[in-house]
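K.L.:
pasted the sequence and its predicted model underneath.
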Amino acid sequence: MAISGLVVTMDDAGVASVLAALRADPRITLGPPAGVRQPVVIETAGPAEDDAVWAWLRSIPGVRFVDVAYVHFDQGEEHDHG
Amino acid sequence: MTTVDRREFIKSAAMSAAVAAAAGSTRAFALPVLTAPGVQWNKAPCRFCGTGCHVLVGVEDGRVVGIQGDLKADVNKGLLCVKGYHVGQILYGKDRLTTPLLRKDGRLVPISWEEAIDTVARRVLKDPKGFAMYGSGQWTIPEGCAGNKFMKGGLSSNHLDGNPRLCMSSAVTGFLSTYGVDEPAGVYDDLDQCDVAIMWGNNMAEMHPVVFSRIVDRRSRGEKVTIIDFGTRRTRTTDHADEFLLFKPNSDLAIANGIAHLLVQNNAYDKDFVARHCNFRQLDPEKPDAMQGKPMTFDEYAAALAEYTPERVEQISGVPADKIRLLAALFARRDIRITSLWCMGMNQHTRGTAINCLVHGIHLLSGHFGKPGDAPTSLTGQPSACGTVREVGTLCHLLPGGRLVANEDHRKHAEGFWNLPEGRINPKPGYHTVLLFEKFCTPTDKGGDIHTLWVQVTNPGQSLPNLHKLFKAKKGLEDKFLIVSDVYPTATTELADLVLPSALWVEKNGMYGNSERRTQQWFKMVDPPGQARDDCWQTIAVARRLFDLGFEGMKNKDAEFLFTFKDKGGKPVPVWDWNHYYDINVDEAFFEEYRPFSKLKQKDLAPYAEYARTRGLRWPVVQQPDGSWRETRWRFSEFDDPYVKKGAGTQFYNSVTKDDKALVWFRPWEPPPEGPDADYPYWLCTGRVLEHWHTGSMTRRVPQLHRAMPAAYVEISSTDAARLGVRSGERVALVSRRGRLELPCWIGGRGDCPEGTVFVPFFDESLLINELTLDAHDPFSKQPDYKKCAVRVERVVTTGAAR
Ligand code: SF4
């Protein structure tokens, strides 16, 4: 199980299309927006899928950047060097 | 708690964090805490920046399993930034160094600790004068004490310097030049009380997010606080600023002089404060290298400032004359409180000492000093740059407690406290960082007289400027030997001849000193992996090996081992033997030996036990009649500082001029050593990002942080990008007189450079921007300038991975 809290920052012009794309994905829960900054929670089966969602989020036209606010980490996890 | 409950709880924590970060965008937030039976929580300062937030570390079955912001901590009141929440994971990267490694036939191969320690000792014996040590503000206070005593008290060598030379030594020379003593007079509490906060080239929203949130959160409580952001590029701090003043790189001295000029010309300076508490100074043209300078009268000071009219300042800096007037008008007001904040922007500057002095000068001239909210305050990047480096004195010219190696009395004090034979400490300052690495990377027969360098707890192979010259030139020099104590492979271990695996953060006892004079303590909570061991132990073990080999310097005055520590019964404990290292609390022993040093310059420290009990105390910490220990928030101010004479109001008791007055300096603006020209038409500025700390050797191993900011990039203005024909994600090459680097560009990202400037963060070891930076440094602080050098930008035809 992987759960991340993120902030997706959008271009002014891209807000509607980005939000539509986010809403269409059942793994993503949207929080109350603050202007062009949209808090979201991603819930996936594991780190690989979490990674894929991240990569997809960053590639959506109109997304300026994706900030990490919180990531749940499981005990016993070891990490590769990026 | 059921699995479903637990998942819902985690989801709600994730959402709270995301909502807080999105709404405040201050990058600091509090989270609910998932508690579970069997998890032991204990306090520690965060491992990363000089803010010094406290975390609670949850340990279960010998492993760190959780982190929470510490509600009892004054510094952060339960908040942390995203790095802080992930600090526990830095312990668990897959490639932790777990065994000593020696380079044999070009390869690093595992060896025993015994062989490793013996190898280091024999490198010392080769020629102790050519053996140097390089530490950092990541050293704990006891680790710094050990390194300092080993080098200066044991080897009689001052070739000990450290990373803080690269990040805050200009702040030190600024404080010393102005007040005669280092470190800020104010504290973070000023941020709760100021009416105006001025960021002098300081992207606090990303670099010190928790203290920045102290300012911004006041607005959400309905308080008015004006933020003025001086910068050479827009950053996330700019998003919160009432005024953003874009200035041309290197023109900050002109701006500061412009403000001072208007205060004087308009008769708007604080005459009473100046008359009672200030003298005036300028550099002595006959001795331009002398930091003490020579006196000047107020009239001479006013005349020197006269050329810095708002219009002239506008010409130099690009800041509109009206804005200079606005700033001067703010400083002229007596009904508001002003706090200035700065960090690398002012310090990493070939005129770093000068601009530090000028900002102090504006505060003194206007009387915005010494009242809560009225303070010139520098911040630090490293967690113990203040505690371990500035206070313990782990630089090549310092001894503990603000003493100098060149001062005979100070050497005598140190010899006394360390119980050394008279004359043991060398009076000649050692090599500062740039010179040290230059000597190490120069062939011996060409004057490179440092043959061995022991690096502990830092990564100069990535953080030094002009890396080809100051680090990579070591390659192929057969008689040079690099020893690196670290927790992960880094750009520095790549060239190491011997690698020593170290314990990290809560795998050992520790003490740090943060940016507001707060000394902090924590206890070891988990074991280090494999054979990794404390850096402090490594130093002691090498010293002991030298002692056993008959090296005289490792004996004290009574012919005992230099690091003799006794148990409660007075029996010496063989702490050089790892099996006995934790038989006593070595940290406490070092700290109690160091404490008496702290009195000379009124930096009094409390006993170790007080720090174990509290979330840190700000010095001077003075014992009260009832036996309790009281910290000091505002130094030099009678209402809070016990060292100020009754009735004095303000007293600069470490005054350079010995009359309890501070110095207001005149320092002219001068052009930079390197600026854009026809061949290299852009300014290059380097720096950090929110997710990564320093060279990224820890944070890049935290998957979430790595994923959030996976690689370095070059930030470039949309106008320049259009001119070059590049789009976000496409690669460009940056070329300076010292190196060339290809990296993807980012347009309209977090920051925004003006035309003619590019910005590159330095956290990425696969994209070493410091191969391009300049090693020119401030003449007094010897701190290099990472913020300004000239580059050209070339479009690279093959496109690379987009961000
Ligand atoms: S990195 Fe700095 S600001 Fe962030 S939690 Fe750690 S000490 Fe606080």
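P.N.:
Now that the structure is in, tell me what you want to look at.

K.L.:
alpha carbons only for contacts and neighbour counts from here, please
P.N.:
OK.

K.L.:
now check the least confident helix or strand in chain A by mean pLDDT, is it near chain B?
P.N.:
Least confident helix or strand, chain A: strand A:63-71 with a mean of 73, by mean pLDDT, DSSP states H and E. Yes. Judged by C-alpha under 8 Å from any C-alpha of the partner chain, strand A:63-71 and chain B are in contact via A:64, A:65, A:66, A:67, A:68, A:69, A:70, A:71.

K.L.:
run a quick neighbour tally on the third one.
P.N.:
Other residues within reach of residue A:66, judged by other C-alpha atoms under 10 Å in any protein chain shown, total 21.

K.L.:
which ones are touching it?
P.N.:
The contact partners of residue A:66, taken as C-alpha atoms under 8 Å, 6 or more residues apart in numbering or on different chains, are A:6, A:7, A:8, A:9, A:57, A:58, B:708.

K.L.:
any idea how far the closest residue to the third one other than its chain neighbours is from residue B:326?
P.N.:
I take that to be residue A:8. Closest residue to residue A:8 in three dimensions, ignoring its sequence neighbours and counting by C-alpha to C-alpha, 6 or more residues apart in numbering or on different chains: residue A:66, at 4.6 Å. Note on residue A:66: its distance to residue B:326, by C-alpha to C-alpha, to the nearest Å, is 37 Å.

K.L.:
so where's chain A uncertain?
P.N.:
Within chain A, the segments meeting pLDDT under 70 span A:71-82.

K.L.:
which stretches of it form strands?
P.N.:
Taking DSSP state E as the test, the strands found in chain A are A:2-10, A:28-30, A:37-44, A:63-71.

K.L.:
format those strands as TSV; extra columns: distance to the ligand.
P.N.:
Shown next, in TSV, are those (distance: least, C-alpha to the nearest ligand atom, whole Å):
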stretch	distance to the ligand
strand A:2-10	17
strand A:28-30	26
strand A:37-44	20
strand A:63-71	12
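
K.L.:
for those, which one ends up most surrounded?
P.N.:
By mean neighbour count, with neighbours taken as mean count of other C-alpha atoms under 10 Å in any protein chain shown, strand A:2-10 ranks first of the strands of chain A at a mean of 26.

K.L.:
helices and strands around that one, which ones?
P.N.:
Applying 3 or more C-alpha pairs under 8 Å, 6 or more residues apart in numbering or on different chains; DSSP states H and E, we find strand A:2-10 packed against strand A:37-44, helix A:47-59, strand A:63-71, helix B:3-24.

K.L.:
what does that strand rub up against?
P.N.:
Strand A:2-10 is contacted by residues A:18, A:36-47, A:50, A:62-73, B:10-11, B:14-15, B:17-19, B:21-22 when judged by C-alpha under 8 Å, 6+ apart.

K.L.:
the same query, at a cut-off of 7 Å, please.
P.N.:
Strand A:2-10 is contacted by residues A:36-47, A:50, A:62-72, B:11, B:14-15, B:17-18, B:22 when judged by C-alpha atoms under 7 Å, 6 or more residues apart in numbering or on different chains.

K.L.:
one more: stretch B:667-687?
P.N.:
Contact with stretch B:667-687 is made by B:250, B:253-254, B:282, B:354, B:736, B:756-762, B:786-792, as judged by C-alpha under 7 Å, 6+ apart.

K.L.:
now, those that are in strands?
P.N.:
Among these, the members found in strands (DSSP E) are B:282, B:757, B:758, B:759, B:760, B:761, B:789, B:790, B:791, B:792.

K.L.:
what residues does chain B put near chain A?
P.N.:
Counting by C-alpha under 7 Å from any C-alpha of the partner chain, the residues of chain B close to chain A are B:10-11, B:14-15, B:17-19, B:21-23, B:65, B:82, B:92-94, B:700-704, B:706, B:708, B:749.

K.L.:
distance check, residue B:202 against chain A.
P.N.:
21 Å (C-alpha to the nearest C-alpha, to the nearest Å).

K.L.:
now residue B:242
P.N.:
Remark: distance between residue B:242 and chain A (C-alpha to the nearest C-alpha) = 18 Å.

K.L.:
burial of the nearest residue to that residue once chain neighbours are set aside, as a residue count?
P.N.:
Take residue B:242 and drop its neighbours on the chain: the residue closest to it by C-alpha to C-alpha, 6+ apart is residue B:227, 5.3 Å away. By the criterion of other C-alpha under 10 Å, residue B:227 has 21 neighbours.

K.L.:
okay, residue B:227: pLDDT?
P.N.:
pLDDT for residue B:227: 97.

K.L.:
also residue B:182?
P.N.:
Turning to residue B:182, the model gives it a pLDDT of 93.

K.L.:
need the contact list for it.
P.N.:
Residues in contact with residue B:182, defined by C-alpha under 7 Å, 6+ apart, are B:172, B:175, B:176.

K.L.:
give the contact list for the first one.
P.N.:
What it means is residue B:172. Residues in contact with residue B:172 (C-alpha under 7 Å, 6+ apart) are B:182, B:183.

K.L.:
quick one: which helix or strand includes it?
P.N.:
Here residue B:172 sits within helix B:169-179, counting by DSSP states H and E.

K.L.:
what packs against the helix or strand following that helix?
P.N.:
Sequence order places helix B:189-193 as the next helix or strand after helix B:169-179, per DSSP H and E. Helix B:189-193 is packed against helix B:209-220, with contacts defined by 3 or more C-alpha pairs under 7 Å, 6 or more residues apart in numbering or on different chains; DSSP states H and E.

K.L.:
next secondary structure after the helix it packs on?
P.N.:
Using DSSP H and E, the helix or strand that follows helix B:209-220 in sequence is strand B:226-231.

K.L.:
could you give the angle of that next one to helix B:209-220?
P.N.:
Strand B:226-231 runs at 140 degrees relative to helix B:209-220, counting by axes from the mean of the first three to the mean of the last three C-alpha atoms, to 10 degrees.

K.L.:
and strand B:226-231, which strands flank it?
P.N.:
strand B:196-200 (parallel), strand B:243-246 (parallel) (DSSP bridges).

K.L.:
which parts of the stretch 401-550 of chain B are helices?
P.N.:
Assigned by DSSP state H, counting those that start in this stretch, the helices in the stretch 401-550 of chain B fall at B:408-417, B:433-440, B:460-463, B:467-470, B:535-548.

K.L.:
that's all I had, so thanks and see you.
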